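Novice: need a structure here:
(4 chains)
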There are 4 protein chains.
Amino acid sequence: MKAIFKHKAASGAQYGKVDIPIIKKDEILIRINHASICGSDMPIYNWTGWAPKRIKPPMVFGHELAGEVVEIGQLARDFNKGDFVSVESHIFCGLCYQCRNDQRHVCSNVKIIGLDTPGGFSEYAAIPARCAWKHTDNSIKDIASIMEPFGNAVYATLIEDVVAKTVLVSGCGPQGLFSIPIAKASGAKTVIALDTAPYRRKLAEKMGADYVFNPADKNIESKIRKILKNRDGVDVVVEMSGNTIAIDFGLHMLGFGGRFTAFGLPSKKIEIDYSNDIVFKGLRIYGIVGREIFKSWYKMESLLKSKAVDPRPVITHRFRFKDYKKAFKVMNSKDKKCGKVILVP
Amino acid sequence: MKAIFKHKAASGAQYGKVDIPIIKKDEILIRINHASICGSDMPIYNWTGWAPKRIKPPMVFGHELAGEVVEIGQLARDFNKGDFVSVESHIFCGLCYQCRNDQRHVCSNVKIIGLDTPGGFSEYAAIPARCAWKHTDNSIKDIASIMEPFGNAVYATLIEDVVAKTVLVSGCGPQGLFSIPIAKASGAKTVIALDTAPYRRKLAEKMGADYVFNPADKNIESKIRKILKNRDGVDVVVEMSGNTIAIDFGLHMLGFGGRFTAFGLPSKKIEIDYSNDIVFKGLRIYGIVGREIFKSWYKMESLLKSKAVDPRPVITHRFRFKDYKKAFKVMNSKDKKCGKVILVP
Amino acid sequence: MKAIFKHKAASGAQYGKVDIPIIKKDEILIRINHASICGSDMPIYNWTGWAPKRIKPPMVFGHELAGEVVEIGQLARDFNKGDFVSVESHIFCGLCYQCRNDQRHVCSNVKIIGLDTPGGFSEYAAIPARCAWKHTDNSIKDIASIMEPFGNAVYATLIEDVVAKTVLVSGCGPQGLFSIPIAKASGAKTVIALDTAPYRRKLAEKMGADYVFNPADKNIESKIRKILKNRDGVDVVVEMSGNTIAIDFGLHMLGFGGRFTAFGLPSKKIEIDYSNDIVFKGLRIYGIVGREIFKSWYKMESLLKSKAVDPRPVITHRFRFKDYKKAFKVMNSKDKKCGKVILVP
Amino acid sequence: MKAIFKHKAASGAQYGKVDIPIIKKDEILIRINHASICGSDMPIYNWTGWAPKRIKPPMVFGHELAGEVVEIGQLARDFNKGDFVSVESHIFCGLCYQCRNDQRHVCSNVKIIGLDTPGGFSEYAAIPARCAWKHTDNSIKDIASIMEPFGNAVYATLIEDVVAKTVLVSGCGPQGLFSIPIAKASGAKTVIALDTAPYRRKLAEKMGADYVFNPADKNIESKIRKILKNRDGVDVVVEMSGNTIAIDFGLHMLGFGGRFTAFGLPSKKIEIDYSNDIVFKGLRIYGIVGREIFKSWYKMESLLKSKAVDPRPVITHRFRFKDYKKAFKVMNSKDKKCGKVILVP
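Specialist: Below you'll find the predicted structure:
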């Protein structure tokens, strides 16, 4: 089959022939309909950051994928050929303390598809049956790979009820952009979105943010305080950027007793005002990785299929596998002129 | 009346005559039975850290106090002369968003007794009636001032259920010491206590810790991992020290999906491994200030009066007001040779 | 002043002169802008059910009211003359166990305005300052009395998060009708509304229910099961009718592990299939009385003022005080041809 | 092998030879060390109530079992021959909405061992590997079958935090008896236990109840109110009896805003004062079936192995399989002169 794979320990990737994966007994084989590029695929492509330490080329990467079931392992329950599935990228063991305490998303033996096992930028992928989510209609087949990152946003945004809350979404990459309508559809009073890139601020407006600002604006704090009127801060920060200044600003803008969601990943240790911003404020901080399996998926399906949320404006580009270099170039663009980028075999 | 007061903008305090406070309509006057010294009284006494910025001498300080009601403002409901009360040190406004959303402990207009209003190191104190907690028996009258810090420990330890959890108490000052039996009495499986001071490790043993270690021991991690057997980390860290290394160690020792309570106060900004220790682990972090008013108080009363917890070993010293210099000297001792220190008029 | 009052122990009421109430120190005097009739005012008017046991004529009744502050008791904090307020009808004591544990709505010393103290069907009413909710703009002044019943619906519907849930609203009186858009605006997947009265089913449609059925339809169960597809029952029942058959049907239609909100009041003891419908299903049942003070009020304000919910279609009638007999006649109509009925001085 | 089995559609059972079960791929074969009799085994033995409708003789019954793994299906992960296991009796499907939303205990396709599949009153039993709980030490091997009912008590008692709560345990069969020390070890302030049988009241005392009463005592309410002093009711009722009068009394004794756990099973519909006892009180009622899989099991293991709870006084009888008639006779005794009864091959 044809696949985009990390060919060697250097920048870039190659598009070419690789073997079709052979499924294990508890796996299913999927004919990929499309896959999408995650921000965390970029260190792999660019061979920067954590990637050289973790990835062992040659390796097919990509962990946002969707497609049709074409082969079923003998122990894989509940699937038929022809089923259309999205994929949970966290391969949870099912046996550890976390898995047996309803925290599969932080399974202590987790493997990630496309990092630890062959991924989805290929014509076929083998995935454990327990990681497949079956679609019951065709309404979002063409964008089904985005359920994975959409699930990050659902979990990150709704880890506490947002009804009547003022929510600050910090960073408008795809997950941040998804968070905006998720919060609105779940009862948030006001959603304020921040991004330094004009292209992404425009997307944030499309996604329904009540206010969109450039966090580099030197009056940003007073602009937000004006919205808050007599309140001491926002109720919720959904931090999706991983930017050090943004994390600090988010903690600073939270009101007493507020909630902070930590999803974006700074590349190194950061300095925080622990006493003033965490202790004295009485904050609750939630580190978010993955999605609740499968609690988040039921919420995702409902929000997407009830039309409460329209995720389509976030999908800004679509390329054929063979044009993968263009796709990664768009993702690498300095001024972030993209939302979610989809790759089609 | 006689009182210990911060006489001027310099180290130390004075013991001498001051006016008896005149109560406002919503206040009660208390004849102090005893008061106790909090760690946060030490910057005031020593005139270090945040104290010079906040405290305006001359000022009676001390915010852990208990005594008898001797005068009642005309709007102060529900008290009789002779009632014996402990005191909630956070004067909450009752009208702000936080107060009207059951978060009085982070009232956005809070004033602290002994910091913002005259405190308890005196023969009499005026306090708002809404901050008084009436005792219904005599069982803990002699140590009633410690309900305030005991409440910190109750709130910090029990912000989530601890049944079957392995709890790491980091720092064995009075609040850390209280946390040990609070966790045990509430169903914790194992309590591991850490302190660098031998005197306090001995107290931790007395308070019922299953394991007590010196965190400076270079094998500390492997000693704890041996207790954890096949688990990836502890379930709960109750961080009471405010020490930068301890905070880092606590975050590091937590298992995936664990809970971290941030109570101890570092004196400046600190560096943390946000990506690895918060996000990837999927932690929940709770900043704790004060006590839930009055949810924590009902728990405190039950734990203390049902004998589930015996707080007395923590009270290591008792001085007359006139010997206040000795009391503060003990509190300042380099090797922390004290638990809670009580002052009696 | 002029008021509608229960003149004697018999059916009906009288409209005539009564004394303007004299406020206590912790009260404010409100010039009523309008008041609305609650279903629970009907036993008082009709002198049926519980009313003769509780109400002592002569007595001004009515507990849904709104108006302008014209006089302020000396202990009433935070108000100015001219403030426009809605009213929390539960006069909570603030001192009991429930009040001090964030459950003011079930204060064990509660008094209800218009039942235990003079009510709102009058030109002026005296209410405790702590029960007044100040409006910050004019957007819902003309319907501000409905915040009280709207709050019932907010608390009843949102006592657990409804994101992605299928919600069955059983009974489309005003509170049931409010529950429909509250659930939708807070992320519910599907809202199914039931009422036997055609007029109210039409209102339910206007309020945005996805499906509206007559529960007397003999195929009602199969109609609902068709919507549920492969699920074993609905996720949530919001029981607002108090009808015995409806309660039984609601419990029956809930899926395993579902949630039942009990708000409607049957007039006598009822029979339930406790083993099969509660225990074996592993249900959670919440008895709902009043509103969370003031948590529900913040949610109410947000939902109403952010336009997430439009309550106006529920208000079907508006009468002058002097036409009160017409108003109560509409409320008494057999075929329930009304939603909320407002009375204006 | 030898087994106790329901031989025909009539009262009683037979002890004799049956085939050793042949395990499926996802099952393990257990050599039974011992099994115990559940109250719900009695309708099967006596052929009363629901049993004739559900059970299809010939059938080995018994669903509280423990033993050694002697054979392992090829898909059964994580077990070795010689492992000693207790058994979760609920065979959950793992695929339904409930299973994928962390509510396996109310799996909508659940099968119960010993009811729907051959049970544990036999020398060997085949159980799905996912229902086995591996012991890591020998401390409770001799009583390991009781983890199943102990788990009911853990889930029923701790579905909400009990710290500082007054808990009324209604019915002192084995699960009620277990609930007493579970509540005490988890921070309950006071545990009041009720049973009409003197033998069981004595056991309740042994298990650490603070007060033990006969609910048939005509002064029972005033006796309890005396303990409650100025509180309006108990905080928590753990209803383990299924007795109609007891359920009514439990609801009646709860204070405003209290919590009621519904575990005991009345044999027919019951009448309740829904308006006064559920709605006006603002109660939370939890139907409890089974145990949380495996959240409850981790709690059970901790409480049992940390010695926080000693369950042994509840085990009052031990018989050989061949003496099964004596065992069932004890269980059938009118005056309930037994706690848990264990059967040994």
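Novice: which residues touch the nearest residue to residue A:255 once chain neighbours are set aside?
Specialist: Nearest residue to residue A:255, sequence neighbours excluded (C-beta to C-beta, 6 or more residues apart in numbering or on different chains): residue A:233, at 2.9 Å. From N, CA and C alone the C-beta is placed, and that goes for glycine too. Residue A:233 makes contact with A:253-256, A:258, according to C-beta atoms under 8 Å, 6 or more residues apart in numbering or on different chains.
Novice: Among these, which lie within strands?
Specialist: Counted as lying in strands by DSSP state E, out of these, are A:254-256, A:258.
Novice: Identify the farthest-apart pair in those.
Specialist: Using C-beta to C-beta, those reach their maximum pairwise distance at A:254 and A:256, which is 8.1 Å.
Novice: so what sits against both of those two?
Specialist: Counting by C-beta under 8 Å, 6+ apart, the residues touching both residue A:254 and residue A:256 are A:233, A:281.
Novice: Identify each buried residue in the helix or strand where residue A:43 lies, please.
Specialist: Using DSSP states H and E, residue A:43 sits in helix A:42-46. Residues of helix A:42-46 classed as buried: A:43-46 (neighbour count, 16 or more other C-beta atoms under 10 Å in any protein chain shown).
Novice: In a markdown table, list the ones in strands among the contacts of residue A:233 along with pLDDT.
Specialist: Below are the ones in strands among the contacts of residue A:233 laid out as a markdown table (pLDDT from 0 to 100):
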| residue | pLDDT |
| --- | --- |
| A:254 | 98 |
| A:255 | 98 |
| A:256 | 98 |
| A:258 | 98 |
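Novice: Among those residues, find me the one that's closest to chain C.
Specialist: When the ones in strands among the contacts of residue A:233 are ranked by distance to chain C (C-beta to the nearest C-beta), residue A:255 comes first, at 12.7 Å.
Novice: now the strands for the stretch 51-200 of chain A?
Specialist: In the stretch 51-200 of chain A, the strands defined using DSSP state E, counting those that start in this stretch lie at A:59-60, A:64-72, A:84-87, A:90-91, A:111-112, A:124-128, A:132-134, A:166-170, A:190-194.
Novice: quick one: strands adjacent to the lengthiest strand in chain A?
Specialist: Ranked by residue count under DSSP E, the longest strand found in chain A is strand A:27-37. Next to strand A:27-37 in the sheet, as set by DSSP bridges, lie strand A:64-72 (antiparallel), strand A:124-128 (antiparallel), strand A:340-344 (antiparallel).
Novice: Excluding chain neighbours, what is closest to residue A:2?
Specialist: The shortest distance from residue A:2 to any non-neighbouring residue, by C-beta to C-beta, 6+ apart, is to residue A:123 (5.6 Å).
Novice: and that neighbour, how many neighbours does it have?
Specialist: Using other C-beta atoms under 10 Å in any protein chain shown, residue A:123 has 15 neighbouring residues.
Novice: Would you mind confirming that it makes contact with residue A:15?
Specialist: No: look at residue A:123 against residue A:15 with C-beta atoms under 8 Å: they stay out of range, at 11.4 Å.
Novice: shared neighbours, the two?
Specialist: With contacts taken as C-beta under 8 Å, 6+ apart, residue A:123 and residue A:15 have A:2-3 as neighbours in common.
Novice: for residue A:127, which residues make a bridge with it?
Specialist: residue A:28.
Novice: how far away is residue A:278 from residue B:178?
Specialist: Residue A:278 sits at a distance of 21 Å from residue B:178 (criterion: C-beta to C-beta, to the nearest Å).
Novice: Looking at those two, which one has more neighbours?
Specialist: Of the pair residue A:278 and residue B:178, residue B:178 is the one with more neighbours under other C-beta under 10 Å, namely 30 against 24.
Novice: Leaving out chain neighbours, which residue sits closest to that one?
Specialist: residue B:153 (3.6 Å).
Novice: got the contact list for the one you found?
Specialist: By C-beta under 8 Å, 6+ apart, the neighbours of residue B:153 are B:175-176, B:178-179, B:182, B:240.
Novice: ok, so of the residues you listed, who is nearest chain D?
Specialist: Checking these against chain D with C-beta to the nearest C-beta, the nearest one is residue B:182 at 8.6 Å.
Novice: so that closest one makes contact with residue B:300?
Specialist: No: the pair residue B:182 / residue B:300 is not scored as a contact, 9.1 Å apart, by C-beta under 8 Å.
Novice: Just send the contacts of residue A:233 back as a markdown table, with neighbour count too.
Specialist: Below are the contacts of residue A:233 laid out as a markdown table (neighbours: other C-beta atoms under 10 Å in any protein chain shown):
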| residue | neighbour count |
| --- | --- |
| A:253 | 24 |
| A:254 | 24 |
| A:255 | 23 |
| A:256 | 22 |
| A:258 | 27 |
